[in-house]
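[1] can't give you the sequence, but here's the structure:
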């Protein structure tokens, strides 16, 4: 208990100092949101531990990672030289002999166990401090993502973007624990920020940050790199198209730009398929079917059916793409709620879905396309949201897991929704009929009345 308090207090102090340094690069009005997000992550870490210990009765992925990490951490403290090599091999999923067996050797589960071991040593065996530290890293990643939106979108959108990127409840909760989503979100933010700096001509630092972010994502959730590569190609295409904007606001969509971006996206997917063959195009359909079969076997209180686990072809799985995408972005619905945590997820999904659908209905397709193409970061966000949402929707059959697995795409999804909502509000304001001057109260009426009253008084007094 004392160790937990000391370690947690030290992590909170160091994180607060680091956040204060980061906040200096933001306007005073933005800093309030940064500190609110930090406080939310601290509460999220406490909630994550409570859910794990009470709802999951001490089980779940986080406790498995921490259990394996504790074993490796204790071994490293006894013999740093020998078990330090084991830690390196486990983290980077190397096919090298490890002194003692670990769950998930050679895959992302082993990498998370190695990360948990490092946290176990740094925080002196404190679960609370470990969760807060991972949550803070995820927060820094989303702050980096917010800076990309801030640099490329109108200043009046900043309050909405701060809420969308930093304060979505499900993202805060699922990134405030020793789970893959926290590490992945930190890596995604770094990767997008590094890509942004690279596009702006700052190659050295941009590529360094991009490489670090990609490495973090590759260790824990490599499938996210596939939609991220497609989003980067879309960003390049939209940037080229935006530069062809005419005076009337229309664009010249040149086929050469589209073909170049499509070739970049396809090349990136093929290359990633070579690095991670389990997610290659040839194996993708079988992977979705296996995930659906595992979900059907495990079931649980919030189980739902998705796809056909017997159909292992990619084409057969894509027949369920509309349902999978709608599930990833809009569910659970209110009437599908079976627990208080599911109710929170349902309310969040319903609010964002309502804003998204109403904005699309009022803007119409052409205006929405113009908005996205004129802001390349929004076009990239839409592609990442759709592709990542499709993968999550096809591979998930449980509402509890769904809320967690879609957390990495939610900042992009919410950011696009709030920007579209702001455009609807602006369009509504601009189309209001002007108020006639005769209908507006103004200073012309009272002075006239005043002069009339003075003239009456003068005549009565005889002057």
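    The structure has been received and is ready for your questions. Note that this is a predicted model, so its numbers are computed, not measured.

[2] Can you report how many residues lie near the spatially closest residue to residue 395 that is not a sequence neighbour?
    Closest residue in space to residue 395, ignoring its immediate chain neighbours: residue 291 at 4.1 Å, by Cβ to Cβ, 6 or more residues apart in numbering. Placement of C-beta: from N, CA and C, glycine included. Using other Cβ atoms under 10 Å, residue 291 has 18 other residues around it.

[3] Show the pLDDT at residue 291.
    With respect to pLDDT, residue 291 has a value of 83.

[4] Repeat that for residue 432.
    pLDDT, the model's per-residue confidence, is 57 for residue 432.

[5] so where's the chain shaky on pLDDT?
    In the predicted model of the chain, residues 246-253, 297-301, 307-309, 427, 429-463 satisfy pLDDT under 70.

[6] can you list the domain ranges for it.
    What automatic domain parsing lists as the domains of the chain is 1-220, 223-429.

[7] end to end, how far does the first one reach?
    In other words, domain 1-220. 30 Å (Cα to Cα, to the nearest Å).

[8] Now do the residue lying closest to residue 164 once chain neighbours are set aside against residue 86, distance only.
    Take residue 164 and drop its neighbours on the chain: the residue closest to it by Cβ to Cβ, 6+ apart is residue 414, 3.7 Å away. Separation of residue 414 from residue 86 (Cβ to Cβ, to the nearest Å): 40 Å.

[9] what do you get for residue 390?
    In terms of Cβ to Cβ, residue 390 sits 37 Å off from residue 86.

[10] before we move on, what about residue 389?
    Using Cβ to Cβ, we find residue 389 at a distance of 37 Å from residue 86.

[11] and the helix or strand hosting residue 11, what does it pack onto?
    Per DSSP states H and E: residue 11 is located in helix 2-23. Contacts defined by 3 or more Cβ pairs under 8 Å, 6 or more residues apart in numbering; DSSP states H and E place helix 2-23 against helix 28-50, helix 127-152.

[12] who's more crowded, residue 414 and residue 86?
    Between residue 414 and residue 86, counted using other Cβ under 10 Å, the more crowded position is residue 414 (26 against 22).

[13] so that one makes contact with residue 170?
    No: taking contacts as Cβ atoms under 8 Å, residue 414 lies outside contact range of residue 170: 10.2 Å.

[14] Can you classify residue 99 by secondary structure?
    coil (DSSP: H, G, I helix; E, B strand; the rest coil).

[15] In contact with the residue lying closest to it once chain neighbours are set aside: list those residues for me.
    Of all residues not flanking residue 99 in the chain, residue 86 sits nearest, at 5.3 Å (Cβ to Cβ, 6+ apart). Counting by Cβ atoms under 8 Å, 6 or more residues apart in numbering, residue 86 makes contact with 72, 75, 98-100.

[16] Then residue 152?
    196, 375-377.

[17] how close does the residue nearest to residue 99 get to residue 1?
    Distance, residue 86 to residue 1, by Cβ to Cβ: 31 Å.

[18] Name the helix or strand for the residue nearest to residue 164, please.
    helix 410-430.

[19] Next, the angle from that helix to helix 127-152.
    Relative orientation of helix 410-430 and helix 127-152, computed by axes from the mean of the first three to the mean of the last three Cα atoms, to 10 degrees: 40 degrees.

[20] helices or strands up against helix 410-430?
    helix 127-152, helix 158-166, helix 169-174, helix 340-374, helix 376-395.

[21] So which residues lie in contact with that helix, not counting its own?
    142, 145, 149, 153, 156-157, 160-161, 163-166, 168, 170-171, 185, 329, 352, 355-356, 358-360, 362-363, 367-368, 371-372, 375, 378, 381-382, 384-385, 389.

[22] Return the members of those residues classed as buried.
    142, 145, 149, 153, 157, 160-161, 163-166, 168, 170-171, 185, 329, 352, 355-356, 359, 362-363, 367-368, 371-372, 375, 378, 381-382, 384-385, 389 (16 or more other Cβ atoms under 10 Å).
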